[in-house]
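Asker: dropping the sequence and predicted coords here.
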Amino acid sequence: MADEHIDTTVPPSGTGCVECLASGGWWLHLRRCAQCGHIGCCDNSPGQHATAHATSSGHTVIRSFEPGEDWFWDYSTQSYLDGPALTPPGHHPLTQPVPGPQGSVPRDWERHLR
Ligand SMILES: [Zn+2]
Ligand SMILES: [Zn+2]
């Protein structure tokens with residue numbers, strides 16, 4: 001069941017991918033763990049930290065952390081689902097560039113996408 005992997009009371013961990021910020025990395029798009037609020041980067045990003053978090057934690061449902069996107073993805077069923085409203089903010093700051101974060105994105109970033 002997806003419901004046990006969604007906690008609407010938990011705020012996001014921050015404004016950027018936890019592991020990328022810790023290591024000086026960068027991301028294309030951000031995903032939010034619907035269970036613990038961990039912010040990780042998408043599968044097109046070099047780090048793929050959202051999927052890594054889901055694999056290591058068993059938290060199988062993520063929600064987009066991009067402005068204007070409210071879809072959820074369930075790794076256990078490999079499918080999108082409709083989920084409830086989560087604790088705000090629902091996306092990263094609009095001032096944050098894509099890819100991000102500012103200052104860490106290489107000039108030839110498109111060559112590094114997965
Ligand atoms: Zn990352
Ligand atoms: Zn989590």
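Answerer: Perfect, I can see it now. Ligands and ions are numbered 1, 2, ... in the order given.

Asker: list the contacts of Arg107.
Answerer: Listed by Cβ atoms under 8 Å, 6 or more residues apart in numbering, the contact set of Arg107 is empty. (Glycine included, C-beta is placed from N, CA and C.)

Asker: doesn't it belong to a strand?
Answerer: No. Read with DSSP: H, G, I helix; E, B strand; the rest coil, Arg107 is coil and lies in no strand.

Asker: local confidence estimate at it?
Answerer: The confidence metric pLDDT takes the value 96 at Arg107.

Asker: from Pro97, how far off is it?
Answerer: Per Cβ to Cβ, to the nearest Å, Arg107 is found 13 Å from Pro97.

Asker: just give me the residue right at the centre of the chain.
Answerer: Arg31 (1.4 Å; Cα atoms, centre = their mean).

Asker: surely that one is within a strand?
Answerer: Yes. Secondary structure of Arg31 (three-state DSSP): part of a strand.

Asker: what about it, distance to Ala2?
Answerer: 15 Å.

Asker: point out where the chain drops to low pLDDT.
Answerer: Low-confidence segments of the chain, defined by pLDDT under 70: 1.

Asker: can you name the residues of it sitting close to ligand 1?
Answerer: Cys17, Glu19, Cys20, Cys41, Gly47, His49 (Cβ under 5 Å from the ion).

Asker: what's the closest of these to ligand 2?
Answerer: His49 (11.2 Å; Cβ to the ion).

Asker: which of the helices or strands spans the spatially closest residue to the closest one that is not a sequence neighbour?
Answerer: Nearest residue to His49 in three dimensions, chain neighbours excluded: Gly40, at 3.8 Å (Cβ to Cβ, 6 or more residues apart in numbering). If you go by DSSP states H and E, Gly40 is part of strand 39-41.

Asker: quick one: is that strand near ligand 2?
Answerer: No. Applying Cβ under 5 Å from the ion, one finds strand 39-41 separated from ligand 2 by no less than 8.6 Å.

Asker: fine by me, thanks again.
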